[in-house]
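Visitor: Predicted coordinates and the sequence they were generated for:
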Amino acid sequence: MKVTFESVSNAETEVIIKGEIGSPDVDALLEFIKNRNAGATKKLVLYIEDEQFLIDPDEVVYVEVADNKVKVFTKDESFDSKKKLYELKDMLSSMPFAQINKGTLVNIDFVKSVQAEFSGNYTLRLKNRKEILTISRKYFKEFKNQL
């Protein structure tokens, strides 16, 4: 693959891809650009009581549904979300998030370790947090594909 850069001042960034349409390299580049642009400006609007916070998705360690409330956990804090779990999953689809059970999404970048259990499920330990999460058998393939 040949890469050429041309420096132009005060111009909008332009990407030109020359190659065979449908080739694996071209498809991978297009997917990367699409995902990069989709996640570039998104912020999550999260709440602590009535106060709103704008949080970068890459700060989110995991998202969990408990008592019909969606909780979003960062390294240091926990927030409430007014969005449903499936809506957050769609919003975070261009980032390294995987659903690990019916009510939990996890940021792959914060996974410290994974260990198999006798039941066929897996336990997941996080960096910077003490919680231990369960990866159900049903969602393990999705989790593995995100690695």
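Guide: Cool, got the structure.
Visitor: what sits against residue 81?
Guide: By CB atoms under 8 Å, 6 or more residues apart in numbering, the contact set of residue 81 is 44, 46, 47, 63, 70, 71, 72, 88. C-beta coordinates here come from the backbone N, C-alpha and C atoms, glycine included.
Visitor: can you list those residues in a markdown table and add neighbour count, distance to residue 17 and secondary structure?
Guide: Formatted as a markdown table, the contacts of residue 81 follow (neighbours: other CB atoms under 10 Å; distance: CB to CB, whole Å; DSSP: H, G, I helix; E, B strand; the rest coil):
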| residue | neighbour count | distance to residue 17 | secondary structure |
| --- | --- | --- | --- |
| 44 | 19 | 31 | strand |
| 46 | 22 | 37 | strand |
| 47 | 13 | 41 | strand |
| 63 | 24 | 34 | strand |
| 70 | 20 | 38 | strand |
| 71 | 16 | 41 | strand |
| 72 | 24 | 36 | strand |
| 88 | 20 | 32 | helix |
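Visitor: Closest one of those residues to residue 8?
Guide: Nearest to residue 8 out of these is residue 44 (CB to CB; 34.2 Å).
Visitor: Identify the residues contacting that closest one.
Guide: 54, 55, 56, 57, 60, 72, 81, 88, 91.
Visitor: One more: residue 46?
Guide: 52, 53, 54, 55, 72, 79, 80, 81.
Visitor: again, only using 7 Å
Guide: By CB atoms under 7 Å, 6 or more residues apart in numbering, the contact set of residue 46 is 53, 55, 72, 79, 80, 81.
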